[in-house]
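S.K.: Sharing a model that was predicted from the sequence below.
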Amino acid sequence: MLKEERQAFIMRQINLHNKVLSTDLSTMLRISEDTVRRDLKEMAEEGKILKVHGGAIGRSFHHPFNTENMVYAQEAKQQIAEKTIRLLKNDMVVLTGGGTTMIELAKRIPENLRATFFTISPLVALQLVEHTHLTVISIGGQLSKSSNVHIGASVINQLADIKVDLCLLGANGFSVEEGMTDSDWEVVQVKRAMIRASKKLAILSIAEKLGSSQRMKVCDLNLIHYLITELPPENHLMSAYQQLDLELF
């Protein structure tokens, strides 16, 4: 495979999952980790990605307020955000994760909505607090450098003390066979605690992520009440999910 093809593949994986590990890329591309590291170094020097220990992350997610950094599939994420608003009602207590889709949602909350939002993402909190009638509570802890959400025991302990009406999470990997998955063990633990703290769970995901999986299990699909993508529920690409006991948006 040519270098340009390798780097295009790496860029797509980062766009889809935000963080990639050198070991995983080596396996997927069937090349040495040294070659992967050279590609990541070159891409970082060109300003396309940010290198982190063991791999790389996307620039658009790490610096969401820098307009020079394009958000991958932004139009699709905006459509998902618009659909998600239909789940929000006055006086609800909502818990959110982080990510660019969640930031798009936070920008679009109706000004007349009166609700309480807990979030593990400082970036989402900064967007939510712009809305006059929202009470915004940030659940704090160690800030993950790769995902920009709070992680760790203090976050999990705080989540154990609340019960919310609706939890909104993005998916790193999502498939019928593997359920919802992620690549970061500490993020997995926080997401599990978020699910336990919630009466209902909605997953927000661009359709490209459907059918993908990461190394670590977050939950089975039977714990999910809503799956929200940019596609119409009747789209043929959603056929595998139409048979499940969850509502498609």
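M.R.: Yes, it's here. Just so it is clear, the structure is predicted and the values come from calculations on it, not from any experiment.
S.K.: so what's the residue nearest the centre of the chain bridging to?
M.R.: What sits nearest the mean C-alpha location of the chain, by CA atoms, centre = their mean, is residue 170, with 3.3 Å. Beta bridges link residue 170 to residue 204 when assigned by DSSP bridges.
S.K.: shouldn't it be in contact with residue 102?
M.R.: Yes. Residue 170 lies in contact with residue 102 (CB atoms under 8 Å); the separation is 6.2 Å. No exception for glycine: its C-beta is placed from N, CA and C like everyone else's.
S.K.: what do those two both touch?
M.R.: residue 204 (CB atoms under 8 Å, 6 or more residues apart in numbering).
S.K.: Break this protein down into its domains, please.
M.R.: The chain breaks down by automatic domain parsing into domains covering 3-62, 74-248.
S.K.: and the ones you listed, which one is worst for confidence?
M.R.: When the domains of the chain are ranked by mean pLDDT, domain 3-62 comes last with a mean of 84.
S.K.: Tell me which other helices or strands the helix or strand where residue 78 lies touches.
M.R.: Per DSSP states H and E: residue 78 is located in helix 74-84. Counting contacts by 3 or more CB pairs under 8 Å, 6 or more residues apart in numbering; DSSP states H and E, helix 74-84 is packed against helix 100-108, strand 198-204, strand 226-228.
S.K.: beta partners of the nearest residue to residue 122 once chain neighbours are set aside?
M.R.: Nearest non-adjacent residue to residue 122, counting by CB to CB, 6 or more residues apart in numbering: residue 138, 6.2 Å away. Beta bridges link residue 138 to residue 119 when assigned by DSSP bridges.
S.K.: Angles on the backbone of residue 222, please.
M.R.: Here is the backbone geometry of residue 222 (degrees, to the nearest 10): phi -70, psi -10.
S.K.: My read is that residue 131 contacts residue 109, right?
M.R.: Yes. The pair residue 131 / residue 109 is scored as a contact, 5.1 Å apart, by CB under 8 Å.
S.K.: Need the contact partners of the helix holding residue 78.
M.R.: With CB under 8 Å, 6+ apart as the test, helix 74-84 has contacts from 71, 100-101, 104-105, 107-108, 168, 202, 204-207, 228-230, 249.
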